[in-house]
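Asks: just to be clear, the model below is a prediction. Sequence and coordinates:
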Amino acid sequence: MDERDPLVAELDAWGADVAGVDAGPVPVGVRDAVRTAGKGERSVRVRSGLAWLAAAAAVVVVAIIAARPVGPRPRATVVQGDGQGEVAPVRLVQPTMAVLMRANAGFDPDRLELLEGGGGAVGRVYTPRDAAEELGRM
Amino acid sequence: MHMQRDDHTLLIAMRRGDQAAAVALWERHGARLVAYAATVVGRGEAEDAVQEALVRAIGAAHAQVAGVRDVPAWLVTLVRHAAINRVRGDRRRRGREAAVARVGVCFAVRERDDVAARVAALPRRLREVVVLRHVCGLTFAQCAVALGANPNTVAGRYREAMGQLRGLTERGEAVENERTPRGVEVVHG
């Protein structure tokens, strides 16, 4: 359309008038939505930050585990309650003893027999204190 | 192009909770969007339709907003959907006749009432193109994006609208405030 067309000029002038009308303040609904969006954005940033922190912590843990010297591990020494057939790795012997004492009503915590393991007197019956000392020496 | 980037920047900032960006975007496009919405639902509900569209823009998925290349056309699309949904809802609530009576309302300034009345007298599909071109300042390509139509179709509608407007002018059928055609109401801005 020719810009000099009177109808086009008339419409342009009308359009400019209409577009130039003061739209007034931002509608309340829009302001509220913007405010809510801002809160959501901050929440997303916090969550994102926490996720990155967790990921970094996981990387550090994995790195520490990977950096541990890997060598021949001593064979697990087992301690058994008399006649109960319960076994536990040496590192967990004390907590496991406690667990066994709780788990088995008939278990005699004063009579622990070392079935096998480096340096210990296999077949000997230990008290809990004796067992702990023995294991500490291993 | 610079303005487009600015619009996009404002849109992104508004979605991040920047009230100043919302104000800037509203001052830049608010009146035009309300004027366009008024061609579909009438002035009374036009602001509500624009508000609904902007709230939808704020809540839209990030990927959708990031892919917007033409913010004015996209905003018009949202306003159009919101306005048409209101018309449909209105029809359901109050019956078709009542809704149609409200559809011809157009946004006018007092000294150009005759132009507004002639535009308001056009069928909606033609009226939309005229308002998008002359009030919103969109190109045919932008109008096509906003209306979801082919650019050639939009250009054809514009030619048809101009033809009808010329016919109204030549026949002296310009509408005065007191005698509005087909139930058209002229609202002063």
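Replies: Great, that's in hand.

Asks: now do the phi/psi pair for the closest residue to chain A within chain B.
Replies: Residue of chain B nearest chain A, by CB to the nearest CB: B:G17 (1.8 Å). No exception for glycine: its C-beta is placed from N, CA and C like everyone else's. Per-residue torsions, B:G17: phi 100, psi 10 (degrees, to the nearest 10).

Asks: and what of B:T139?
Replies: With angles defined as degrees, to the nearest 10, B:T139 sits at phi -80, psi 170.

Asks: who's in contact with it?
Replies: Contact analysis of B:T139 by CB atoms under 8 Å, 6 or more residues apart in numbering or on different chains lists nothing.

Asks: ok, the spatially most central residue of chain B - contacts?
Replies: By CA atoms, centre = their mean, the mean C-alpha position of chain B lies nearest to B:Y36, the distance being 1.7 Å. By CB under 8 Å, 6+ apart, the residues touching B:Y36 are B:76, B:79-80, B:128, B:131-132, B:135-136.

Asks: and chain A, which of the residues you listed contact it?
Replies: By CB under 8 Å from any CB of the partner chain, the members of the contacts of B:Y36 lying near chain A are B:131, B:135-136.

Asks: next step: these restricted to helices.
Replies: Using DSSP state H, the subset of the ones next to chain A among the contacts of B:Y36 located in helices is B:V131.

Asks: pipe the ones next to chain A among the contacts of B:Y36 into TSV and attach pLDDT per row.
Replies: Converted to TSV, the ones next to chain A among the contacts of B:Y36 look like this (pLDDT from 0 to 100):
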residue	pLDDT
B:V131	91
B:V135	90
B:C136	89
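
Asks: out of the ones next to chain A among the contacts of B:Y36, which is most surrounded?
Replies: With neighbours defined as other CB atoms under 10 Å in any protein chain shown, the most crowded of these is B:V131; it has 30 neighbours.

Asks: what about the residue of chain A found nearest chain B, neighbour count?
Replies: Scanning chain A for proximity to chain B using CB to the nearest CB identifies A:G38 as nearest, at 1.8 Å. For A:G38, the tally of surrounding residues (other CB under 10 Å) stands at 17.

Asks: phi, psi of the residue nearest to the centre of chain B?
Replies: Dihedral angles for B:Y36 - degrees, to the nearest 10 - are phi -70, psi -50.

Asks: residue contacts, the residue lying closest to A:K39 once chain neighbours are set aside?
Replies: The shortest distance from A:K39 to any non-neighbouring residue, by CB to CB, 6 or more residues apart in numbering or on different chains, is to B:G17 (7.0 Å). Applying CB under 8 Å, 6+ apart to B:G17 gives the contacts A:34-35, A:37-42.

Asks: can we see that at 6 Å?
Replies: A:34, A:37-38, A:41 (CB atoms under 6 Å, 6 or more residues apart in numbering or on different chains).

Asks: how about B:Y158?
Replies: B:Y158 neighbours (CB under 6 Å, 6+ apart): B:V129.

Asks: write out the residues of chain B neighbouring chain A.
Replies: In this structure, chain B approaches chain A at residues B:14-17, B:19, B:22-23, B:26, B:30-32, B:35, B:51, B:54-55, B:58, B:107, B:109, B:112, B:115, B:134-135, B:189, judged by CB under 6 Å from any CB of the partner chain.
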